[in-house]
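Participant: can you look at this prediction? I've put the sequence above it.
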Amino acid sequence: MTIRHAVLAGLAIAAAAGAARAADYVTIPIETGLDVPADVAWKKIGGYCDIGAWMKTSCVITSGKADEVGAVRRIADRVDEVLVSRTAWSYTYAQPKSPIDYHGTVEIRPEGAAKSKLIYTLVYDAAALPAGADKAKDVAGRTGMFTHVVQVMKGVAEAK
């Protein structure tokens, strides 16, 4: 290969890389205080398939062991999510087939001896939304839906 060919190949690669779309990651943190200790809250809302009850739909583990990293849950018989991380009071999941690189984290943080905070954080690439999609409307829709979910979770966590 001549130097001229190498330079042209390098320019072609650079041009192709420059044409790739830039990611536009959106982060939606939703949080609420809980009037129960973190360990009490987590026992009530820390199950990986608990989301089915919060969203009033189905949730089944289709692969792996429930509540263990690598478990796959299917929500509403159409959305597959894999558990990618877990701590004593949190877990993070991903939708591996999602074109928007969708991830979510459910977390409880202690706030003293008798209180805690519930944080549900969504992260996704808005640049990969379908053509013509309204980013602000999409963010508002996800925020509204998961604000409701967090309120349901709060009720479950604080129930006697």
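Facilitator: Good, I have the coordinates.
Participant: can you give me the buried ones in the host helix or strand of residue 145?
Facilitator: Element membership for residue 145 (DSSP states H and E) is helix 135-158. Of the residues in helix 135-158, 138, 139, 142, 146, 149, 150, 153, 154, 157 count as buried by neighbour count, 16 or more other Cβ atoms under 10 Å. From N, CA and C alone the C-beta is placed, and that goes for glycine too.
Participant: can you list the residues you listed in CSV and add distance to residue 77?
Facilitator: Compiled in CSV, the buried residues of helix 135-158 are given as follows (distance: Cβ to Cβ, whole Å):
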residue, distance to residue 77
138, 23
139, 26
142, 21
146, 20
149, 18
150, 24
153, 22
154, 27
157, 27
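Participant: out of these, which two sit at the greatest distance?
Facilitator: Farthest-apart pair in the buried residues of helix 135-158 is 138 and 157; separation 28.1 Å (Cβ to Cβ).
Participant: beta partners of residue 61?
Facilitator: residue 73 (DSSP bridges).
Participant: can you tell me, leaving aside adjacent residues, what's nearest to the residue nearest to the spatial centre of the chain?
Facilitator: The centroid of the chain falls nearest to residue 104 when counting by Cα atoms, centre = their mean (1.4 Å). Using Cβ to Cβ, 6 or more residues apart in numbering and skipping the chain neighbours, the partner closest in space to residue 104 is residue 122 (5.1 Å).
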